[in-house]
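In: need a 3D model of the following:
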Amino acid sequence: QVRLVESGGGSVQAEGSLRLSCATHGFSRWPSCKGWFRQEPGNEREWVAVIDHAGRISVENSVKGRFTISEDNAKNTLYLQMNSLKVEDTAMYYCAADFRICSPPRTDFAFWGQGTQVTVSS
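Out: Down below sits the predicted model:
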């Protein structure tokens, strides 16, 4: 059974940093695309960063230069390093995986974690 389990969220002051982790379990073959998404109450889920099976990365403009997506294949774990956090980064963050390619960025991935809350205060 496929499972994605996020961790690492929390509360931080503006300009602080957090690193999110997403442990993946149960995939019979390697997903073509994995990524991080976020959602605020009342808003649609939006993509933040994705990485494909070849290591190609796309990062949403509002977090470019501040957030870094990476993965450790040996540990089956996806990461999101978030630096210089802003109040507007506050959201529930989700990791997801799909067997389709990453491009163009979209939010209809097949497999999702339960989410981890990130709260940034001024």
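
In: shouldn't residue 35 be in contact with residue 46?
Out: No - judged on C-beta atoms under 8 Å, residue 35 makes no contact with residue 46 at a distance of 11.0 Å. In this view, the C-beta of every residue, glycine as well, is placed from N, C-alpha and C.

In: who has more neighbours out of the two?
Out: residue 35 (29 against 14; other C-beta atoms under 10 Å).

In: what separation is there between residue 96 and residue 50?
Out: For residue 96, the distance to residue 50 (C-beta to C-beta, to the nearest Å) stands at 9 Å.

In: what is in contact with the two at once?
Out: 34-36 (C-beta atoms under 8 Å, 6 or more residues apart in numbering).

In: checking residue 62 next. Helix, strand or coil?
Out: helix (DSSP: H, G, I helix; E, B strand; the rest coil).

In: need the contact list for it.
Out: Residue 62 neighbours (C-beta under 8 Å, 6+ apart): residue 88.

In: find the nearest non-adjacent residue to residue 59, please.
Out: residue 49 (4.6 Å; C-beta to C-beta, 6 or more residues apart in numbering).

In: quick check: bridge partners of that neighbour?
Out: residue 36, residue 59 (DSSP bridges).

In: begin at 34 from here
Out: Right, with 34 as the first residue, what we last looked at is residue 82.

In: could you report the separation of the most centrally placed residue in the chain from residue 149?
Out: With distances taken as C-alpha atoms, centre = their mean, the chain has residue 69 as the residue nearest its mean C-alpha position (1.9 Å). Note on residue 69: its distance to residue 149, by C-beta to C-beta, is 10 Å.

In: now swap in residue 101 and tell me
Out: 17 Å.

In: just residue 105 next, same as before
Out: Counting by C-beta to C-beta, the gap from residue 105 to residue 149 is 18 Å.

In: looking at those two, which has the bigger crowd around it?
Out: Ranked by neighbour count (other C-beta under 10 Å), residue 105 and residue 149 place residue 149 first, with 20 against 11.
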